[in-house]
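**Q** Structure for the following, please:
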Amino acid sequence: MAEISRQTSQRRIGQSLGETAMVPVSLAMGLIDAPLRWVQKTFGLGGMAAFFLLPNMLIFGIFVLLPFFINFAYSMTGGTALFLSDRTFVGVDQYARLFDCANYLNPNTCAEDTFWTAVSNTGWFVILQVTLMIGFSLVTALILNRELMARSFWRAVFFFPVLLSPVVVGLIWKWILQRQGLLNFGLFGFGFEPHVWLNDRNWAFAATVGVSIWAHMGFYTLIILAGLQAIPKDLYEAAEMDGTRAMRVFTRITLPLLMPNLLVVIVLVLIRAVQIFDEVYVLTGGGPGTSTLFVTQYIYETGFAAQLRNPGLAAAASILMGLVLVVLTLVQLGLSRSRDKKGARK
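**A** Below you'll find the predicted structure:
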């Protein structure tokens, strides 16, 4: 009886402490509940949705929309002053200066030849990097989706470079590719003469493409791998029973069902390729000459690093780059939707 009485007493004490602890929680919930009830009563369920979206929209507006409008305002001004109030309004002169060319395919005929050199380099970089990135990521995902020994280990190995800072990536490969770097050390061991890779225009450009693929391929491989694992196994089993060839299985089953993931990868790779800056800036600095100068580095140097900086011209170039990205993304989304509609009709 004494033991039962003691347990009952302990239970009552525990309940009392729990009720005491819940008092501030109840008060806090009451303070939150009152305005939420008022919002729902005044604006309805739609107002509740807007209320919960408001913090995110404020952050988006302050850190995305506001800088965009400030940047656009800078693009309509001239001079070297940094503060907008100290700059003079010039209208679309900065845009006219960027497009002042006799032949857009020959940067030397342009008033801003450096800008069009950067545009040309970026265009070639996007074509090579996007194509190779998607190809390598797809092949790697297909291999990692198989039953391999230590499959989790190999997945981690391919994803590891994504975790590195772009500056670290640039420094690692600069150490490998410099004259007394690891690559030349290995080649010298096989009897080859050392080569200054980053001082050669062609090799330097190839290095920027290769380093970018190495650094980011793991992320896109992971996206494609997730799409592969979402494909029902029954489809492959039925194809195997019918004796379907592997290439036909890939083109008729794997690739069509993987297209949503591939579209995401294409958009992300394209945006990343156009915005390439950090690892290339550390690796080559835009050299030798202007062989690895890309649009983002041109914007940075024109607006901040040049002796006679021109924030207005840099802002105009960034606005044009943003518009190109928007157009390319919309085109890709439009092509995807038209493909989906054709598939639905079939």
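**Q** Was I right to think residue 140 contacts residue 157?
**A** No: using C-beta atoms under 8 Å as the test, residue 140 is too far from residue 157 to be in contact (10.5 Å). (Glycine included, C-beta is placed from N, CA and C.)
**Q** who's more crowded, the two?
**A** The neighbour comparison of residue 140 against residue 157 (other C-beta atoms under 10 Å) goes to residue 140, with 20 against 12.
**Q** State the pLDDT value of the more buried one.
**A** Here, the pLDDT recorded for residue 140 equals 94.
**Q** what's the closest non-adjacent residue to it?
**A** residue 221 (4.7 Å; C-beta to C-beta, 6 or more residues apart in numbering).
**Q** Report how many residues lie close to that neighbour.
**A** Around residue 221 there are 25 residues (other C-beta under 10 Å).
**Q** After the helix or strand harbouring it, heading C-terminal, what element do we hit next?
**A** Element membership for residue 221, per DSSP states H and E: helix 201-230. Next helix or strand after helix 201-230 toward the C-terminus (DSSP H and E): helix 233-241.
**Q** Which neighbouring elements make contact with that following helix?
**A** Counting contacts by 3 or more C-beta pairs under 8 Å, 6 or more residues apart in numbering; DSSP states H and E, helix 233-241 packs against helix 246-249.
**Q** then the helix it packs on to CSV, C-alphas only?
**A** What follows is helix 246-249 as a C-alpha-only set of coordinates in CSV (Å, rounded to 0.1, in the frame of the first residue of the first chain):
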residue,chain,number,x,y,z
ALA,A,246,19.5,-2.9,-74.5
MET,A,247,19.7,0.1,-76.7
ARG,A,248,16.0,-0.1,-77.5
VAL,A,249,15.2,-0.4,-73.8
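**Q** contacting residues around that helix?
**A** Here helix 246-249 makes contact (C-beta atoms under 8 Å, 6 or more residues apart in numbering) with 236, 239.
**Q** chain center to it: distance?
**A** Distance of helix 246-249 from the chain centroid (C-alpha atoms, centre = their mean, to the nearest Å) equals 32 Å.
**Q** follow-up on the earlier one: please report the distance of the residue nearest to residue 140 from residue 317.
**A** 32 Å (C-beta to C-beta, to the nearest Å).
**Q** And for residue 285?
**A** For residue 285, the distance to residue 317 - C-beta to C-beta - is 19 Å.
**Q** Which of these two has more residues huddled nearby?
**A** The residue with more neighbours, out of residue 285 and residue 317, is residue 317; 25 against 14, by other C-beta under 10 Å.
**Q** residues touching that one, list them.
**A** 98, 115, 295, 298-299, 302.
**Q** what helix or strand is it on?
**A** With DSSP H and E as the criterion, residue 317 is inside helix 311-345.
**Q** swap in residue 291?
**A** Applying DSSP H and E, one finds residue 291 in no helix or strand.
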